[in-house]
Structures are given as structure tokens and as C-alpha cells.
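predicted model follows, preceded by the sequence.
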Amino acid sequence: MPVIHDKDVLEGEDSLSAWNDAAHEALAECGGRDASPEMRMTIAPRLARRAMAMAVRYSLYRLEKIAPGPGVEVRVAPYAAVKVLDGPASDPHNLTPPDVIELDPAVWLRMVCGITTWAEEKDAGHITAVGQRDDLSRFLPLVR
């Protein structure tokens, strides 16, 4: 099943843009790029549930396009999960790939929008990652 339906791509793009705009407004209010990582990690604009889901789904769709493959599952609960990057596919018995990354929606969207970095969120304990290919920093941010 696709992470986002074709008919919802534009809505997802608009939702991600709205989250990005609100996040960058909040970033400017707390000192911009000079704000501490701890301050930037508090940025979490609220959207309606559907808009938040669409922002996450669209951003995962974009990740899937630039890093296709079956090797790493990226889970942004409760909204979506995708498999990306080359590597061994899921074990046919339990369907869990060897590498799994789990994040909250705000953490994921902060990195997608360039508010925080992979290293900052990982060091803060906001990313659960198991496996050798558990670093998506080379693909982030997806928007600015």
C-alpha cells in the first residue's frame, strides 16, 4: 500500500508547506538558527489531525522517492511507515526489516524542514534506530 494516494499528494504537499511555514515562524521567534538545539527541539506546530498525517505521509513519500529500497523501515507513528534504502528485505516470517527507525511526527517534521538535524535529535534520544543503516542525515532536510 502506498504511503500516500496519488489523489492526496497535493494536499500532502500543502500540509507539509503549512507545517514548514509555522515551524520557521516559531524558529524566528526563538532566535532563528542561533537558537540552541534544545530550544529548536521544542518547535512542534499543531495542525489538524488530517493535515498532520498528510504532512508526514507526503514527506515520507518524498524520502521514498530519493532513497528507494527494502532495507530500512522508517516509522512515524501513528501516521505512516515506509521502506527505504538498499539492503536485505524483510524476513518473510515476521515482515520486520533488519533496520527500523521510529520517530514521533514532530521530530520527523523538524528534521524534514531543517529545524533540527539528525544528530541533534538522535543525541537527545528522540530517534529509536536499530541497525547498521540507521542514519538518514544525508537525505535531510527534504524542504527548507
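Received it, and whenever you're ready, just let me know what you need.

contacts and neighbour counts: CA atoms only from here.
OK.

just the element for the residue nearest the centre of the chain, please.
By Cα atoms, centre = their mean, the mean C-alpha position of the chain lies nearest to W108, the distance being 3.2 Å. When secondary structure is defined using DSSP states H and E, the element that contains W108 is helix 105-112.

so the closest residue to A51 other than its chain neighbours: helix, strand or coil?
With Cα to Cα, 6 or more residues apart in numbering as the criterion, A51 has its nearest non-adjacent residue at 5.3 Å, and that residue is S15. Secondary structure assignment for S15 (DSSP: H, G, I helix; E, B strand; the rest coil): helix.

E102 bridge partners, please.
Partner residues in beta bridges with E102: R75, T128, with DSSP bridges as the criterion.

if we can go back for a sec, any idea how far M52 is from the residue nearest to A51?
When Cα to Cα, to the nearest Å is the yardstick, S15 and M52 sit 7 Å from each other.

do K122 as well
Using Cα to Cα, K122 is found at 22 Å from M52.

for I4, same thing?
In this view, I4 and M52 are 13 Å apart by Cα to Cα.

now L142
For L142, the distance to M52 - Cα to Cα - is 16 Å.

need the contact list for V72.
K83, V84, L85, D86, G87, P97, P98, D99, V100, I101, R133, D134 (Cα atoms under 8 Å, 6 or more residues apart in numbering).
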